[in-house]
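Participant: Here is my input; please provide its structure:
(one chain, ligands or ions: 1)
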Amino acid sequence: MWFILITSGLSILIATFIAYTVLKHRLLRNGAPLPCPPRSLILRNIPLMADAMKKGMHIDLLWKGISEQLGSKIFFVDVIFFKLVVILDVDMAKEVLVTKNYPKSFTYDSFYSLIGGKKSILVSGGNLWHEQRMVFNPGFHYQYLKNLVPIFASNTERLVSILDKRCVTQEVVSMHLLLTKLTMDIICEVVLGVTFNVLTKEEGRTSELYSSFKELMDNVLWFFKRQGIEWTRDYLPWNALTMYRLETRYNNILIPIIKQRMAELEAEPALGSPAPSPKGSWVGGGLEEDPMFRSLPSFGSDHLSLDGSLGTLAGNSDKDMCVLSVALRTAKEKGIKMELDTVLAQVKTFFLAGHDTTATTVSWAIYELAHNKEAEEKMVAEINQVCGGRIPTSDDLSQLTYTGCVVREALRMWPPGGTTRIAPVGATLKGYGIGGHPLYIPHYCLHRDPQLWGEDADEFKPERWLDEDKLQKMNPFAYQPFSKGKRNCIGQTFAVLEARTLLAMLYSKFSFQYAGSEPERQVHNVTSHPKDGVLMRVVSRAGMSQ
Ligand code: HEM
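Facilitator: The predicted structure is shown next:
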């Protein structure tokens with residue numbers, strides 16, 4: 001009996017595998033065949049990949065290596081059940097992201113429990129995506145976010161007092177861990193209008209929100225890293241039950257708050273017609289009218305039009321002004337019905353996409369500045385001159401030009417993510433057949449390409465962002481930490497504003513000495529981030545000047 005069951009199970013598996021392999025080759029048959037590493041090259045690259053991961057090198061270096069060996073900026077590699085098409089060419093990236101704006105690929109399915117499923121603004125498409133982006137855009141617009149600088153600042157003050165103590169004890173701290181918790185506190189307060197004190201509980205207890213998020217994330221990643229058996233997560237009952245338990249625990253913290261905000265907005269009288277659209281289009285948070293971005297030479301603005309207005313930001317208290325309340329108000333004015341599961345999906349997406357990414361950016365900036373004292377001193381001089389020792393205002397932040405260059409440069413050298421799209425079956429790209437398979441654009445490879453950035457592409461040079469003439473001549477798709485086109489990052493203004501606030505407040509009081517192993521290793525989860533936590537010894541600036 002068992003023998004029959006096992007052999008028929010195995011036969012079904014083998015037949016499916018053969019059918020799938022035949023099918024995937026057929027899918028790519030349209031257009032010219034894509035370059036692919038010969039089997040030997042793949043085999044050579046497996047130890048390379050294992051070695052890279054062990055050493056904590058950036059995984060995208062593997063794609064860079066294959067591209068150089070093949071002499072092609074587009075190729076595919078076999079990833080067990082599908083072919084991954086890797087694109088390192090700026091013009092091809094433009095076609096995928098802007099000209100065709102292909103939808104997100106199925107590879108995001110692995111993270112559904114973290115982002116609330118297919119209704120998430122990160123992965124959805126069509127009308128649902130359009131509506132959600134329109135409803136949430138106002139809350140990520142500079143005109144609104146600039147009012148939230150005090151929230152960024154008051155949370156950062158708590159980090160400052162933790163670091164004050166560490167200056168005395170000379171204890172080494174993981175800046176990445178502290179910043180991850182701080183940015184989680186900030187995103188919670190900005191999006192939901194509540195404080196969870198994730199950072200302060202670091203001293204003793206763990207916040208329920210943080211531990212439930214982390215447990216869910218660890219579980220998702222465990223399976224994500226084991227591609228061959230990933231399906232067992234959802235189909236083996238005990239794995240599926242664990243996932244259900246973890247997701248429910250996380251959801252149960254968020255749902256009551258969301259329901260409360262929805263009830264408050266339901267009870268609120270309608271505020272009349274929405275405010276008129278601000279000048280120009282502003283997908284991605286209205287960067288063109290954002291003085292923070294205007295203080296830097298422009299580079300590659302690609303804002304595309306999307307209907308929307310600044311919405312009505314009116315509210316009486318902090319919670320009325322949270323991103324969620326602003327979005328619910330906009331939806332009400334536009335007659336868009338917001339279901340609980342749709343709202344939950346967006347809140348979870350903002351939590352996932354909106355804290356570790358910024359924490360990683362600031363961590364890398366601190367790491368690079370610790371290795372580049374000249375840049376640090378320049379930035380500190382600017383911060384002292386503009387902020388004069390007080391807590392920065394939004395106007396101050398928009399004048400921090402060099403600090404802005406530091407943030408841009410940290411994002412160039414260490415972009416936390418990439419993007420993966422999928423083209424319909426039969427699609428071609430510059431004559432190559434690409435249909436039906438995920439198209440991956442590794443931002444790291446574009447940002448470190450010497451052909452695009454020059455021979456110093458691997459060096460941290462914030463000054464490169466001041467060379468207006470050179471920037472104007474560059475292809476805008478050479479730099480895309482926030483991706484490009486309509487699906488660019490909704491939180492980019494938020495992230496840059498937050499990063500500038502953090503750097504201004506931290507560096508007006510402290511300097512950081514790197515205390516980790518050289519070079520800092522990297523880890524690749526949903527995003528790439530520093531593996532060793534950016535260990536730092538904190539030095540008080542007051543002490544330095546005495
Ligand atoms: C330095 C910080 C950040 C970086 C580097 C970053 C990067 C990115 C990238 C590369 C994408 C495109 C992803 C893809 O195509 O798969 C993206 C999309 C997105 N990001 Fe960010 N992000 C950052 C901060 C934030 C913040 C603070 C938020 C929200 C509070 C946020 C929310 C989102 C959302 C909702 C999307 C999906 C947008 C859409 O498809 O319409 N991100 N981000």
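Participant: Where does the chain get nearest to the ligand, residue-wise?
Facilitator: Proximity to the ligand, evaluated over the chain using CB to the nearest ligand atom, is greatest for Gly491 at 2.2 Å. Quick note: C-beta positions are derived from backbone N, CA and C, even for glycine.
Participant: show me the contacts for that residue.
Facilitator: When the contact criterion is CB atoms under 8 Å, 6 or more residues apart in numbering, the partners of Gly491 are Phe140, Gly285, Phe350, Ala353, Gly354.
Participant: mind running it again at 6 Å?
Facilitator: Contacts here follow CB atoms under 6 Å, 6 or more residues apart in numbering; on that basis Gly491 touches Phe140, Gly354.
Participant: repeat for the one 4 residues further on
Facilitator: With contacts defined as CB under 6 Å, 6+ apart, Ala495 is in contact with Thr358.
Participant: Work out the gap between whatever helix or strand it lives in and the centre of the chain.
Facilitator: Secondary structure here is read from DSSP states H and E; on that basis Ala495 sits in helix 492-507. Mean-position distance between helix 492-507 and its chain equals 15 Å (CA atoms, centre = their mean, to the nearest Å).
Participant: send the alpha carbons of that helix over as PDB?
Facilitator: The C-alpha atoms that make up helix 492-507 are tabulated as PDB, following Å, rounded to 0.1, in the frame of the first residue of the first chain:
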ATOM      1  CA  GLN A 492      10.800  58.100  -0.700                       C
ATOM      2  CA  THR A 493      10.200  61.600   0.600                       C
ATOM      3  CA  PHE A 494       9.300  60.100   4.000                       C
ATOM      4  CA  ALA A 495      12.600  58.100   4.000                       C
ATOM      5  CA  VAL A 496      14.800  61.000   3.000                       C
ATOM      6  CA  LEU A 497      13.200  63.400   5.500                       C
ATOM      7  CA  GLU A 498      13.600  60.800   8.200                       C
ATOM      8  CA  ALA A 499      17.200  59.900   7.300                       C
ATOM      9  CA  ARG A 500      18.200  63.600   7.300                       C
ATOM     10  CA  THR A 501      16.500  64.100  10.700                       C
ATOM     11  CA  LEU A 502      18.300  61.100  12.200                       C
ATOM     12  CA  LEU A 503      21.700  62.200  10.800                       C
ATOM     13  CA  ALA A 504      21.300  65.800  11.900                       C
ATOM     14  CA  MET A 505      20.300  64.900  15.400                       C
ATOM     15  CA  LEU A 506      22.900  62.100  15.900                       C
ATOM     16  CA  TYR A 507      25.900  63.900  14.400                       C
END
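Participant: what about it, average pLDDT?
Facilitator: Along helix 492-507, the predicted confidence averages to a pLDDT of 96.
Participant: what's the answer for stretch 369-387, then?
Facilitator: On average, stretch 369-387 scores 97.
Participant: re the thing from before, for the residue of the chain closest to the ligand, phi and psi?
Facilitator: Backbone torsions of Gly491, given as degrees, to the nearest 10, read phi -100, psi 20.
Participant: Then Glu68?
Facilitator: Taking degrees, to the nearest 10, you get phi -70, psi -40 for the backbone angles of Glu68.
Participant: where does the stretch 51-200 of the chain dip in pLDDT?
Facilitator: Low-confidence regions of the stretch 51-200 of the chain, defined by pLDDT under 70, span residues 80-81.
Participant: any idea where the strands of it begin and end?
Facilitator: The residue ranges that make up the strands of the stretch 51-200 of the chain, judged by DSSP state E, counting those that start in this stretch, are 74-79, 82-87, 172-174.
Participant: coming back round to it: just checking, next helix/strand downstream of the helix holding Ala495?
Facilitator: Per DSSP H and E, the first helix or strand lying C-terminal to helix 492-507 is strand 510-514.
Participant: The stretch 301-450 of the chain against the ligand: which residues are in contact?
Facilitator: Contact residues (CB under 6 Å from any ligand atom) of the stretch 301-450 of the chain with the ligand: Thr349, Phe350, Ala353, Gly354, Thr357, Thr358, Thr361, Leu411, Pro416, Gly417, Thr419.
Participant: What is the most widely separated pair among those?
Facilitator: Put simply, by CB to CB the two of these set farthest apart are Thr349 and Leu411, 20.1 Å from each other.
Participant: related to what we said a few turns ago, just the strands of the stretch 51-200 of the chain: most buried one?
Facilitator: Per-stretch averages of neighbours, counted by mean count of other CB atoms under 10 Å, single out strand 82-87 among the strands of the stretch 51-200 of the chain, with a mean of 23.
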